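Sequence and predicted model, in that order:
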Amino acid sequence: MIERTFVMIKPDAVVRGLMGEIISRIEKKGLKIVAMKLHHLTEEEAKELYKPHEGKHFFNDLIEFVRSAPVVLMAVEGESAISVMRRLLGSTDAKEAAPGTIRGDFSCSKSMNLVHASDSPESASRELTIFFKEEDYLKYRRVDEDWVY
Ligand code: CMP
């Protein structure tokens, strides 16, 4: 099933110059980036995005961290995009992430783990609507022709 998921390249990856590497891996996997913006999260946006973690011991540090530099916000589409994207990232704790995954190759940290991706269809829908409107999602074909790549 074709799914749409929310992906955020976090401040650690942006500051370390890993945006291109991460975007490249998403593209090479065959997923399509249908919306994208470089953005500095407001406190409200950060708290809304991570609402399910409110009250956890790392919540305040997480909010501070994701607002420490710009992030890249993306909507990513493709076959089983939600689970495929999570597998591309590897385990949340980058120390445990397998080599070959984005976290496994570029991080050893649980908090600074480079990229966020939605963990379920419900999360994807909730997270996408914080940052994107329906008209932000672009199609990869001419509107007047059915080109399939
Ligand atoms: P992410 O996929 O963005 O979803 C929630 C984030 O919270 C997670 O990646 C980590 O960056 C962070 N996180 C989760 N668990 C911990 C933890 N135990 N300590 C610090 N940060 C955490």
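Structure's in. What do you need?

Please count neighbours and contacts with C-alpha atoms only from this point.
Will do.

Helices of the protein, start to end?
11-15, 19-29, 43-49, 59-66, 81-89, 102-106, 121-131 (DSSP state H).

Indicate which one of these is closest to K37.
With CA to CA as the criterion, K37 lies closest to helix 121-131 of the helices of the chain, at 9.4 Å.

Can you pull out the residues in contact with the closest one?
If you take CA atoms under 8 Å, 6 or more residues apart in numbering as the criterion, helix 121-131 is touched by 4-6, 45, 48-49, 73, 75, 82, 118.

what does the protein put close to the ligand?
Counting by CA under 6 Å from any ligand atom, the positions of the chain adjacent to the ligand are 58, 92, 110-113, 116-117.

From those residues, list the buried ones, please.
Buried members of those, counted by 16 or more other CA atoms under 10 Å: 92, 111-113, 116-117.

Can you list which of those residues are found in strands?
Among these, the ones falling in strands (DSSP state E) are 116-117.

Make JSON lines from the buried ones among the residues of the chain next to the ligand and add distance to K37 and pLDDT to it.
Formatted as JSON lines, these follow (distance: CA to CA, whole Å; pLDDT from 0 to 100):
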{"residue": "T92", "distance to K37": "23", "pLDDT": "97"}
{"residue": "S111", "distance to K37": "22", "pLDDT": "96"}
{"residue": "M112", "distance to K37": "20", "pLDDT": "98"}
{"residue": "N113", "distance to K37": "20", "pLDDT": "98"}
{"residue": "H116", "distance to K37": "15", "pLDDT": "98"}
{"residue": "A117", "distance to K37": "15", "pLDDT": "98"}
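
Output the buried ones among the residues of the chain next to the ligand in a markdown table, with distance to R126 appended to each entry.
Putting those into a markdown table (distance: CA to CA, whole Å) gives the following:
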| residue | distance to R126 |
| --- | --- |
| T92 | 20 |
| S111 | 22 |
| M112 | 23 |
| N113 | 21 |
| H116 | 14 |
| A117 | 12 |
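
Nice, that's everything, thank you.
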